[in-house]
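In: what follows is a predicted structure for the sequence shown.
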Amino acid sequence: QVQLVESGGGLVQAGGSLRLSCAASGSIFSINAMGWYRQAPGKRREWVAVISRGGIINYVEAVKGRFTISRDNAKNTVYLQMNSLKPEDTAVYYCHADVDVVQGGVRTANDYWGRGTQVTVSP
């Protein structure tokens with residue numbers, strides 16, 4: 001089994017910053033892409049940012065120039081530095097990882113999700 005645990009959410013005023021972390025643990029062979037999604041009240045979960053194992057990065061247009069995704073492969077951890085936060089960034093932020101695991105001698109890729117961390121940005 002693989003677990004993803006997020007941390008770093010909280011309440012911040014508009015214009016402020018937060019840094020989210022997500023650590024993966026368990027029976028991990030290797031981690032491919034890692035990323036962040038968010039879900040605001042009454043809305044569908046949306047993709048925010050992704051980083052490949054080799055460091056290729058993409059962001060949703062709404063956060064470009066404000067958010068920075070990074071990862072530490074040695075620690076199986078992904079980060080999301082969020083600057084210039086806006087009230088519309090308020091959401092539960094979920095970590096996602098595409099993880100290779102070996103079961104019964106067979107290597108397979110599986111998707112894993114964290115339980116989410118609340119980010120609230122006040123006006």
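Out: Cool, the structure landed.

In: could you pull out the helices for the chain?
Out: Applying DSSP state H to the chain gives no helices.

In: list the contacts of the helix or strand bottoming out on mean pLDDT in the chain.
Out: Least confident helix or strand of the chain, by mean pLDDT, DSSP states H and E, is strand 106-113 with a mean of 92. For strand 106-113, contacts defined as Cβ atoms under 8 Å, 6 or more residues apart in numbering pick out 2-4, 24, 29, 32, 94-102. Every C-beta, even on glycine, is put in place using the N, C-alpha and C of the backbone.

In: inside strands: which ones of these?
Out: 2-4, 24, 32, 94-102 (DSSP state E).

In: who wins for neighbours among the residues you listed?
Out: Within the ones in strands among the contacts of strand 106-113, most neighbours by other Cβ atoms under 10 Å means residue 95, with 27 neighbours.

In: and the spatially closest residue to residue 29 that is not a sequence neighbour, what are its bridge partners?
Out: Spatial nearest neighbour of residue 29, excluding adjacent residues (Cβ to Cβ, 6 or more residues apart in numbering): residue 100 at 4.3 Å. Taking DSSP bridges as the rule, residue 100 bridges to residue 30, residue 109.

In: ok, residue 100 to residue 62 distance?
Out: 31 Å (Cβ to Cβ, to the nearest Å).

In: so residue 85 sits against residue 11, correct?
Out: No: using Cβ atoms under 8 Å, residue 85 makes no contact with residue 11, being 10.5 Å away.

In: which neighbours do the two share?
Out: residue 121.

In: more neighbours: which of these two?
Out: Shown here are residue 85 and residue 11; by other Cβ under 10 Å, residue 85 has more neighbours (22 against 12).

In: so what does that one look like in phi/psi?
Out: As for residue 85, its main-chain torsions (degrees, to the nearest 10) stand at phi -60, psi 150.

In: now do it, the pLDDT please.
Out: Listed pLDDT for residue 85 reads 98.

In: which residue is the nearest non-sequential neighbour of it?
Out: Once flanking residues are discounted, residue 85 sits nearest to residue 121: 4.6 Å by Cβ to Cβ, 6+ apart.
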